[in-house]
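Q: With the input below, show me the fold.
(chains A and B)
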Amino acid sequence: MNAESALAAALTAEYAAIWAYGPIGVRLAEAERKAAVEAEAAHRARRDALVVQLSTGGGTVPPDRPGYALPFPVTDRASALRLAVQVEERTAVFWRAVLPASAGAERDRALTALIDYAVRATRWRRSAGIAPLTVAFPGRPS
Amino acid sequence: MVLTCPVAMGSTTRRDGSSHLLSRRAVLRAGALLTLGGASVPLTGCDLLDREEPPRPDPLTPLFDEALRLAAGLRAAATAQPDLAGRLTPLAEAHEAHAAELAQLIGAALPSTTVTPDDPTGTPPGTPPADRAATLAALRKAERAGRDSATAACAAAPEDRAALLGSIAAARATHLEALR
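A: Presented below is the predicted three-dimensional model:
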């Protein structure tokens, strides 16, 4: 995969992540809702940077969609936390895929994203009471 | 590394029957001399072992060693403080999984014996819980250093290694979080 298609794929993952934090946020309260707001902001910041990067590089910017299918219904706090774990772990997969296709500052940014989302996934696992809190190879497709 | 030349055992045998002790001593002395020589002048004076320059160690060798040390530190801490074992064991297993993949990549062998951790957190079993905070702080420090070295290795890596190293850096960062 070349850098542009890896980054375009990461952008589609960011769109979906931002969308998913809508139903997640409304099921959470207090500190967890604040963490959801912060996580969503991180995904929005990377989305915006990717849109700028891909469009100024003359590449194709994949469009956002009006909605995304959730892997399971989000009806309460527990399902919201489980979805948050999935969102972070799945988005991390796309940034990991950027690593071999990139170098220098671009690889640094991709690794920062991978680490950021892996750590957020661990925090969500803790909130959800999921053990273990970590996976051996964050971002590796299962 | 200790280098010894093959010693011709048969040539030390004598007719008088007292040969066994002497020959053993001779062999041992020869071995000791060769060992000393090997320590001060490696790869010289031993024609049979003269070979081409040994291959340079893989740049990921330090990261592999570090993964083993991180795993050993967590295992030692889990033994010393069994109430932490549930938290620490999965982290040790992750480092061991990293070491196994790195070993395959760089052609290293996994050790059969226990590796000594850098910063021994392995206090004796039954350590009072007051030391838990110190144990966790030492483990976090080691994970932070590990995350930084894996991050640097990922940045410098050729493309076929970047994804694995990225996952290792991210795993170590999540360990830091899990040890809070």
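
Q: Break chain B down into its structural domains.
A: B:10-49, B:61-178 (automatic domain parsing).

Q: weakest of those domains by average pLDDT?
A: Here the lowest mean pLDDT among the domains of chain B goes to domain B:10-49, at a mean of 46.

Q: Please identify the buried residues of the helix or strand where residue A:6 lies?
A: Per DSSP states H and E: residue A:6 is located in helix A:3-26. Buried residues in helix A:3-26, counted by 16 or more other Cβ atoms under 10 Å in any protein chain shown: A:3, A:6-21, A:24-25. Yep, even glycine has a C-beta here, placed from its N, CA and C like the rest.

Q: Kindly report the same for stretch A:43-62.
A: Those would be A:43, A:46-47, A:50-51, A:53-54, A:62, for stretch A:43-62 by 16+ other Cβ under 10 Å.

Q: And what about the residue nearest in space to the middle of chain A, helix, strand or coil?
A: Taking Cα atoms, centre = their mean as the criterion, residue A:91 is the residue nearest the geometric centre of chain A, at 3.4 Å. At residue A:91, secondary structure determined by DSSP: H, G, I helix; E, B strand; the rest coil is helix.

Q: I'd say it and residue A:47 touch.
A: No - Residue A:91 lies out of contact with residue A:47 (Cβ atoms under 8 Å); the separation is 10.6 Å.

Q: anything in contact with each of those two?
A: Common neighbours of residue A:91 and residue A:47, counting by Cβ atoms under 8 Å, 6 or more residues apart in numbering or on different chains, are residue A:14.

Q: Check which helices and strands whichever helix or strand residue A:40 is part of is in contact with.
A: Assignment of secondary structure by DSSP H and E places residue A:40 within helix A:30-56. Where contact means 3 or more Cβ pairs under 8 Å, 6 or more residues apart in numbering or on different chains; DSSP states H and E, helix A:30-56 is packed against helix A:3-26, helix A:77-98, helix A:104-128.

Q: out of the ones you listed, which comes closest to chain B?
A: Among the helices and strands packed on helix A:30-56, the nearest to chain B by Cβ to the nearest Cβ is helix A:104-128 (3.9 Å).

Q: Hmm, residue A:135 and residue B:90 touching each other?
A: No - taking contacts as Cβ under 8 Å, residue B:90 lies outside contact range of residue A:135: 9.1 Å.

Q: Could you check which of these two has the larger neighbour count?
A: Comparing residue B:90 with residue A:135 by other Cβ atoms under 10 Å in any protein chain shown, the one with more neighbours is residue A:135, at 21 against 18.

Q: residues contacting that one?
A: Residue A:135 neighbours (Cβ under 8 Å, 6+ apart): A:89, B:94, B:171, B:174.

Q: any idea which element the third one lies in?
A: Pointing back at residue B:171 there. Residue B:171 belongs to helix B:159-178, assigned by DSSP H and E.

Q: Are that helix and chain A in contact anywhere?
A: Yes - contact of helix B:159-178 with chain A (Cβ under 8 Å from any Cβ of the partner chain) involves B:159-160, B:162-171, B:173-178.

Q: residues of that helix that come out buried?
A: Buried, per 16+ other Cβ under 10 Å, within helix B:159-178: B:161-178.
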